[in-house]
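Q: Predicted model follows, preceded by the sequence.
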Amino acid sequence: MKRAALLFAISLIVVSCATVHERGRALTTRAVDALGGGDKLAGIKTLSVKATVKQWEPEQSNAPGGEMRFACESTLDAVFDVASGATRIDWVRKFAYPAPRTFTFTEIVTPDAGYVAGIDSNGRNKQSLDARPPAHAMSGLRLAATQRELRRASSLLLLDMYKNPDRVSGVGDVTVGGVAYPAAEYRATDHQTFTVLFDRATGLPARIRTLDYDNIWGDVTYDMVLSDWQTIDGLKVATTRKYELNGRPVIEIKVTEGKLNVPVASDRLVIPVAFKTGAPKPATGAVPYQWVIRRQFIGTYMDSDAVTHDTRGSQGLRLVELAPGVQHVTGGTHHSLLLEMRDHLIVFDAPVTDAQSNWVLNAARTKYPNKPVKFLVLTHHHMDHAGGLRAYAAQGATLVVGRGAAEHYRRVLAAPFTRNPDLPARDLSRTEIVEVSDKRVFTDGQREIHAYVLDNPHATATLIGYVPAARLGFVTDVWSPGAGPLPEKITPPLAALVAGVKKAGISPVKFAGGHGSTADYAPLATLAAK
C-alpha cells in the first residue's frame with residue numbers, strides 16, 4: 001500500500017513538471033510566432049539599431065526617498081552579429097548629474113571579452129589613464145552585466161527559449177500593476193534566469209524580468225517593459241523599452257531606426273589585440289548588476305573587478321592614521337572615517353556594499369580589539385555612501401542620520417535582502433535610528449566627536465563630522481579634499497561647507513573626505529572670502 005502511494009505521488013510530480021514545461025513551451029511558441037516566426041528569427045544574421053536613451057538614478061535624489069534625479073540622455077548606434085556573438089555600440093552620452101559633460105565612446109562586447117574605446121566615466125581606471133588614446137578592457141563584472149542586458153533586449157532571447165525547451169518552465173500568472181500576465185522562466189546556459197511575462201491578447205513579450213540585489217533596497221525586481229511594437233523587415237520590434245527597478249522607471253529607450261541583415265565590416269567588431277590579451281572573462285557568481293549598470297548612469301563608474309577599488313591601480317582598502325585613534329579608510333573609490341572611543345568605535349559612512357563594510361569591521365576588530373562599532377553616522381543617503389549600512393546594523397550599531405531621514409532608513413532596513421551576497425538575511429527592522437536636528441556630540445568622558453547638519457545643494461539631511469582634539473573635519477561629496485585643486489571661483493557646494501563650518505563655530509585645520517584624501521581647510525576658507 002505504501003509503495004503504491006509513493007508511486008502515485010511520484011507520478012503526480014512527473015505530470016506536474018511536464019505540465020509546467022508544456023505551458024512554458026506553449027507561451028514561447030506563441031511569442032515566436034507573434035514576433036514573425038521561427039524561420040524569420042533564425043534567418044537574422046545582423047541587427048542594427050539606432051535609439052535615444054534617458055536615464056534616472058533613484059538613489060541620488062536630493063532628499064531621502066525623494067524624486068529621482070535625471071542623470072543623462074544619450075544616442076546610440078548599435079550592431080549585433082549573430083555568427084560571432086559580437087556587439088558594437090557607439091555612444092554619445094550627455095550627463096546632467098552630477099555635473100554637465102558629454103562622453104563619446106564605443107563599447108565592443110564579445111562572448112569572452114569587452115572593450116571600451118574613449119572616455120566613458122570620470123572614474124577612469126589605470127589602464128584607461130595610461131592608454132593613448134584612452135581605452136580599456138572591460139572588467140569581468142561589467143562584461144557579465146552588459147551581456148545580460150544585451151540578451152534581455154534581443155528578440156533572439158525568445159528564439160533561444162524556443163530552441164531550448166528543456167530550460168523553459170511556465171510559472172503561472174505574474175501580476176504587475178493589477179494586470180495578470182502569463183509567464184515563463186528561462187534558465188540560460190550561464191546560470192542567468194529571465195522571467196518573461198507575456199501579453200495575454202497578442203502573445204508578445206510584455207516584460208522581461210530578473211531578480212536582482214540592490215545595496216539600498218535589497219531584493220528587487222528589474223524589468224524591461226516592451227511597448228509600441230512596429231514591424232521592421234518582417235520582424236515585430238518593441239520601439240519603446242522602459243526599465244523598471246522595483247516598479248520605478250529608471251531607463252527609457254526609444255528605437256528610432258532598425259534594420260536586419262545589413263552587412264557589417266568585420267573589423268568594426270574586433271577588440272584590439274593589446275586590450276583583448278589578458279582581458280577578463282565574464283564574471284560569474286554574485287555579480288552586482290545594479291551597481292555596475294547604474295553607476296554608469298552618472299558617469300562615475302570605476303570599471304574594475306573589485307567594486308571598491310581599481311585592481312590595476314590600487315592595492316585595495318587600508319587604514320591611514322590621521323591622529324591618535326582616528327583612521328581614514330582609503331585605497332578605494334569611497335572612504336570612511338573610523339574613530340576610537342574609550343570602549344567603542346564610531347564610523348562615518350558605509351559606502352558601496354556590505355563587502356566593504358565587512359572589511360572595515362574586520363580591520364576595526366584587529367586594530368581595536370573588544371571595541372564594537374556602536375554608532376554608524378551616515379553623511380547622506382546616496383547609494384554609494386550608504387550601501388553598506390546593513391553590515392553595521394547586523395552588528396548592533398545605532399544609525400545616526402540627518403534630520404528628516406530616519407523614516408527613509410527604517411523603510412530600507414525593513415526591506416528583505418535574501419540575495420545579498422555579503423550578509424546572511426536577518427531582521428534588521430528594529431535597528432535603532434536617531435536623527436541629528438542640528439548638532440550631536442558623542443562623548444566617552446575623555447574624547448568628543450561631533451556631527452553637524454549641513455545645508456547644501458547636493459543632498460538634504462547631510463551631516464559633516466568633526467574631531468575637536470585633532471581639529472579634523474569629515475565631509476562627503478560636497479568637497480573631496482585632496483582629489484584635485486580648488487576651483488578658481490567658489491562653487492555652491494563648497495560655499496555651503498564654509499558656511500556650515502562658520503555656523504557650527506568649529507575651527508578645522510584639515511578635512512578628510514568620503515572621496516579623495518585630506519586637505520588643509522584654510523585655502524578653501526580664503527577662496528570663499530574672495
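A: Sure, I can see it.

Q: Gly516 is in contact with Thr476, isn't it?
A: No. Using C-beta atoms under 8 Å as the test, Gly516 is too far from Thr476 to be in contact (10.0 Å). No exception for glycine: its C-beta is placed from N, CA and C like everyone else's.

Q: between the two, which one's more packed in?
A: Shown here are Gly516 and Thr476; by other C-beta atoms under 10 Å, Thr476 has more neighbours (31 against 18).

Q: Distance from the strand ranked longest in the chain to the middle of the chain?
A: In the chain, with assignment by DSSP state E, the single longest strand is strand 218-232. Distance, stretch centre to chain centre, for strand 218-232: 19 Å (C-alpha atoms, centre = their mean, to the nearest Å).

Q: Pull out the buried residues from the following helix or strand past that strand.
A: Next helix or strand after strand 218-232 toward the C-terminus (DSSP states H and E): strand 235-245. By neighbour count, and taking 16 or more other C-beta atoms under 10 Å as the criterion, the buried residues in strand 235-245 are 235-239, 241-245.

Q: Can you lay out these as a markdown table showing distance to Met341 and pLDDT?
A: Written out in a markdown table, the entries for the buried residues of strand 235-245 read as follows (distance: C-beta to C-beta, whole Å; pLDDT from 0 to 100):
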| residue | distance to Met341 | pLDDT |
| --- | --- | --- |
| Leu235 | 65 | 95 |
| Lys236 | 64 | 96 |
| Val237 | 61 | 96 |
| Ala238 | 57 | 98 |
| Thr239 | 59 | 98 |
| Arg241 | 52 | 98 |
| Lys242 | 49 | 98 |
| Tyr243 | 45 | 98 |
| Glu244 | 44 | 98 |
| Leu245 | 39 | 98 |
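
Q: what's the most distant pair in the residues you listed?
A: Checking these against each other with C-beta to C-beta, the farthest-apart pair comes out as Leu235 and Leu245, at 28.4 Å.

Q: Quick check, central residue of the protein?
A: Ranked by distance to the mean C-alpha position of the chain (C-alpha atoms, centre = their mean), the top residue is Trp291 at 1.7 Å.

Q: That one contacts Asp354, doesn't it?
A: No. Between Trp291 and Asp354 there is no contact under C-beta under 8 Å: 11.9 Å.

Q: anything in contact with each of the two?
A: Shared between the contact lists of Trp291 and Asp354 (criterion: C-beta atoms under 8 Å, 6 or more residues apart in numbering) are residues 215, 387.

Q: for the host helix or strand of Val255, packing partners?
A: Using DSSP H and E, Val255 maps to strand 248-260. Contacts defined by 3 or more C-beta pairs under 8 Å, 6 or more residues apart in numbering; DSSP states H and E place strand 248-260 against strand 46-57, strand 218-232, strand 235-245.

Q: where exactly do the helices run in the stretch 151-300 of the chain?
A: For the stretch 151-300 of the chain, the helices defined by DSSP state H, counting those that start in this stretch cover 156-163, 273-276, 289-295.

Q: Tell me which of those approaches Arg410 most closely.
A: When the helices of the stretch 151-300 of the chain are ranked by distance to Arg410, counting by C-beta to C-beta, first place goes to helix 289-295 at 21.5 Å.

Q: quick one: low-confidence parts of the stretch 1-150 of the chain?
A: Counting by pLDDT under 70, the low-confidence segments of the stretch 1-150 of the chain come to 1-20.

Q: All the helices of it, residue numbers only.
A: Chain-ordered helices for the stretch 1-150 of the chain, with DSSP H, counting those that start in this stretch as the definition, fall at 2-35, 38-42, 126-130, 140-153.

Q: re the thing from before, residues making contact with the strand holding Val255?
A: Contacts of strand 248-260 from elsewhere in the structure, counted by C-beta under 8 Å, 6+ apart, are 44-58, 68, 232-235, 237-244, 294, 297.

Q: swap in stretch 505-520?
A: Outside of stretch 505-520, the residues within contact range by C-beta under 8 Å, 6+ apart are 322, 328, 330, 333-337, 349, 351, 379, 385, 450, 452, 466, 468, 471-477, 479-484, 501, 521-522.

Q: What about Ser437, how many residues nearby?
A: Here the count is done by other C-beta under 10 Å, and Ser437 has 9 residues near it.

Q: What's the separation between the closest residue to it other than its chain neighbours and Val453?
A: Closest residue in space to Ser437, ignoring its immediate chain neighbours: Arg403 at 4.7 Å, by C-beta to C-beta, 6 or more residues apart in numbering. Going from Arg403 to Val453 by C-beta to C-beta, to the nearest Å gives 6 Å.

Q: related to what we said a few turns ago, now distance to Pro369 too, for the helices and strands packed on strand 248-260, in a markdown table please.
A: Compiled in a markdown table, the helices and strands packed on strand 248-260 are given as follows (distance: least, C-beta to C-beta, whole Å):
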| stretch | distance to Pro369 |
| --- | --- |
| strand 46-57 | 40 |
| strand 218-232 | 32 |
| strand 235-245 | 41 |
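
Q: nearest to Lys276, of those?
A: Among the helices and strands packed on strand 248-260, the nearest to Lys276 by C-beta to C-beta is strand 46-57 (21.5 Å).

Q: Given the closest one, what are its sheet partners and their directions?
A: strand 69-81 (antiparallel), strand 248-260 (antiparallel) (DSSP bridges).

Q: Buried deepest among the ones you listed, which one?
A: The highest mean neighbour count among these, using mean count of other C-beta atoms under 10 Å, belongs to strand 69-81: a mean of 18.

Q: quick one: contacts of that strand?
A: Counting by C-beta under 8 Å, 6+ apart, the neighbours of strand 69-81 from elsewhere in the structure are 45-57, 60-62, 86-97, 150, 154, 262, 264, 268-269, 297-299.

Q: how does it look with 6 Å?
A: For strand 69-81, the external contacting residues (C-beta atoms under 6 Å, 6 or more residues apart in numbering) are 46-57, 60-61, 87-97, 264, 269, 297-298.

Q: Buried ones among these?
A: Taking 16+ other C-beta under 10 Å as the criterion, what is buried in the contacts of strand 69-81 is 46-51, 53-57, 60-61, 87-91, 93, 95-97, 264, 269, 297-298.

Q: got a markdown table for the buried residues of strand 235-245, with distance to His309 too?
A: Written out in a markdown table, the entries for those read as follows (distance: C-beta to C-beta, whole Å):
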| residue | distance to His309 |
| --- | --- |
| Leu235 | 44 |
| Lys236 | 45 |
| Val237 | 41 |
| Ala238 | 39 |
| Thr239 | 40 |
| Arg241 | 33 |
| Lys242 | 33 |
| Tyr243 | 28 |
| Glu244 | 31 |
| Leu245 | 26 |
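
Q: Of those, just say which sits nearest to His21.
A: Each of the buried residues of strand 235-245 was checked against His21 using C-beta to C-beta; the closest is Lys236, at 25.2 Å.
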